[in-house]
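Peer 1: One predicted model, sequence on top.
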Amino acid sequence: MKLTPILKFIVCFAFVLGAILFSQKGSGQTNVSRATVTAILEGNQVFIQEKQAKIKDVAQRNQQVRTGSARAELTFDNKAVARLSRNTRFTVGECGIQLQQGTALISGTSGCTQGVTAAVRGTTYVLTVNENGTEEYQVLEGSVDFGKTDPNDPHKWTMDGGDQCILEPDRKGVIRSKITRGEYTRRLRGWAFQGFDTDPSRIERLRTTYARLFPNTRFPLRRSRLPNRGQFSLSVKQDRPQIKEVIVRLSRQRKRLNTYLPEVFVGDFVFPLNRKAQFAGLIEPFDRYSVRLFDRQNRFLGYTEFEGLDDNAAVSIFLPDDPSLYGTIRTFLGEDSDQDGNVDSDAFTYDFISQVKIAEPKEKIEVVFPKDLTDINRSSFTVATIPAISETPEFPDGFYEPLFSPLNRTTFPFRSGLAAPLLAVPGKVNPLVPIKSDGSSKFNIPREILKYRMP
């Protein structure tokens, strides 16, 4: 069939338009020229070209955006989104986001670092540039094509949702691995999503990827606040009980922005072994709780910390079967939405061990949370109803934050400067509160705190 000039023009135009659209898609949507600040959290330290920025301020191409102690979200003119962690710096550039320092969660546009370029296809991924020059990349959903920026190194690779890799400071070796469930869960519950509004379609893509990677498990990112958030049941367990009851000294530190308020005393509770009590009230997830454990002769048995979760949690503290191992305890917790005292079968669990190093005077007693349990007698903490603890512990999300983490510092549970009730001998100053053996005891944490508020 012979084409008329008009038809030839239409066919040619369609071909060129298709080529342009295909080229834009394959290039990872790098055609961005400006970014608008759409959210600032935890302070006001967000800067464009070193000038303090506010909501709706715009960074043009080749301008630098930097965060200090704040987190920020920017939306690009192609509808892509970038969320910046604290102490992060990037430039709006031809590759989309040119990250120089810190961590950025990016959705819908390409990015690059000094070491790689990342071409995306409608995806959500995380770029990190550490102080030592190491670069890390995590793909949460979708697919990303990576390539070295070194023109003499043609190495290219593709990562799909659930993949991650590390580029060493020499930018030669690439170490690839799968994102573990704990890492993925911490990412969704961490700084990149906490407090930000997220597009429902993006949430669904993340949910689909999470379900593919970790079948029959609970998606950790919640769209709404649950009524029982932050609440928990607590029990002290021993597989073959050597003692009848223990004293649990419970305290709380409320989380505010990126810090914690001073530790306050909740109460001294006398727990029969293997019995639980419920702790509720107007409390929030990520508040930090400390437990100092004593026997009825006021001998110090151990210390641990944990955090409230997005739903009601079941918290179990395990004493070793061997009394000679007292001072080392296991903490196991996870969401318990039906409040039966057991972690839900599809919930993510946190499972770790803490160890006391006895010293004199009491103020010098230390507690550590080991990151490797290979040399610890884990069989002494085994209970039929709870999975055996692995060699690698899983800590609460806040333990991975650089500030106020017991993983990065030594804890002194009787250090000077604490409130008097936290240092008193159990039963000498603070009344001992008995826990009912039928498990029906329930306490309102804010009310308990008010009972012992010091002037």
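Peer 2: Noted; the coordinates are in hand. Just so it is clear, the structure is predicted and the values come from calculations on it, not from any experiment.

Peer 1: Any figure for the gap between Ser69 and Arg288?
Peer 2: For Ser69, the distance to Arg288 equals 20 Å [Cβ to Cβ, to the nearest Å]. In this view, the C-beta of every residue, glycine as well, is placed from N, C-alpha and C.

Peer 1: and these two? which has more neighbours close in?
Peer 2: For Ser69 versus Arg288, the count of surrounding residues by other Cβ atoms under 10 Å is larger for Arg288: 21 against 14.

Peer 1: what's the nearest residue to that one if we skip its chain neighbours?
Peer 2: Once flanking residues are discounted, Arg288 sits nearest to Gln253: 4.3 Å by Cβ to Cβ, 6 or more residues apart in numbering.

Peer 1: from memory the one you found sits against Ile283, does it?
Peer 2: No: between Gln253 and Ile283 there is no contact under Cβ atoms under 8 Å: 11.7 Å.

Peer 1: picking up where we left off before, for the residue nearest to Arg288, what are its contacts?
Peer 2: By Cβ atoms under 8 Å, 6 or more residues apart in numbering, the residues touching Gln253 are Tyr260, Leu261, Pro262, Glu263, Val264, Asp287, Arg288, Tyr289, Ser290.

Peer 1: For the last one, name its beta-bridge partners.
Peer 2: On the basis of DSSP bridges, Ser290 takes part in beta bridges with Ser251, Glu305.

Peer 1: and it, how many residues sit next to it?
Peer 2: 21.

Peer 1: roughly how far apart are it and Asn228?
Peer 2: According to Cβ to Cβ, Ser290 and Asn228 sit 22 Å apart.

Peer 1: what does the fifth one give?
Peer 2: Val264 sits 22 Å away from Asn228 when distances are taken as Cβ to Cβ.

Peer 1: between these two, which one's more packed in?
Peer 2: Applying other Cβ under 10 Å to Val264 and Asn228 shows that Val264 carries more neighbours, namely 20 against 17.

Peer 1: which residues sit in contact with Thr134?
Peer 2: Ile166, Leu167, Glu168, Pro169.

Peer 1: Ok, Lys276 next?
Peer 2: Counted by Cβ under 8 Å, 6+ apart, Lys276 has contacts Ser233, Leu234, Ser235, Ala314, Gly341, Gly439.

Peer 1: which residues make contact with stretch 190-210 from outside it?
Peer 2: For stretch 190-210, contacts defined as Cβ under 8 Å, 6+ apart pick out 39, 41-42, 71, 73, 81, 83, 85-86, 105, 107, 124, 126, 140-142, 161-162, 184, 187-188, 217, 219-221, 223, 397, 400.

Peer 1: so of those, which ones are in strands?
Peer 2: The strands, defined by DSSP state E, take in Ala39, Leu41, Arg71, Glu73, Val81, Arg83, Leu105, Ser107, Thr124, Val126, Leu140, Glu141 from the contacts of stretch 190-210.

Peer 1: Write a PyMOL command that selects only the buried members of these.
Peer 2: Buried residues within the ones in strands among the contacts of stretch 190-210, by 16 or more other Cβ atoms under 10 Å, are selected in PyMOL with:
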select buried, resi 39+41+71+73+81+83+105+107+124+126+140+141
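
Peer 1: Of the ones in strands among the contacts of stretch 190-210, which is the nearest to Asp150?
Peer 2: Val126 (22.2 Å; Cβ to Cβ).

Peer 1: sorry, back to before: can you tell me which of the ones in strands among the contacts of stretch 190-210 lies closest to Pro370?
Peer 2: Val126 (27.5 Å).

Peer 1: and that closest one, bridged to which residues?
Peer 2: Leu105, Gln138.

Peer 1: From Val46, how far out is it?
Peer 2: 19 Å.

Peer 1: now swap in Thr134 and tell me
Peer 2: Thr134 is 25 Å from Val46, by Cβ to Cβ.

Peer 1: Now do the domain split for the protein, please.
Peer 2: 28-213, 232-451 (automatic domain parsing).

Peer 1: can you list those domains in JSON lines and add mean pLDDT?
Peer 2: JSON lines is the format used below for the domains of the chain (pLDDT from 0 to 100):
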{"stretch": "domain 28-213", "mean pLDDT": "90"}
{"stretch": "domain 232-451", "mean pLDDT": "92"}
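
Peer 1: re earlier: now, the contacts of Gln253 that are in helices?
Peer 2: Nothing among the contacts of Gln253 maps onto helices, per DSSP state H.

Peer 1: Farthest pair within those?
Peer 2: Largest pairwise distance in the contacts of Gln253, by Cβ to Cβ, is 14.0 Å, between Pro262 and Tyr289.

Peer 1: Looking at these two, which is more packed in?
Peer 2: The neighbour count for Pro262 versus Tyr289, taken as other Cβ under 10 Å, is higher for Tyr289 (23 against 10).

Peer 1: my guess is that one meets Arg252, correct?
Peer 2: Yes: between Tyr289 and Arg252 a contact is recorded at 5.5 Å, counting by Cβ under 8 Å.

Peer 1: intersection of neighbour lists for those two?
Peer 2: If you check Tyr289 and Arg252 against Cβ under 8 Å, 6+ apart, the residues they both contact are Val266.

Peer 1: Which residue, other than its chain neighbours, is closest to Ile329?
Peer 2: Nearest to Ile329 is Gly302, by Cβ to Cβ, 6+ apart, at 3.8 Å.
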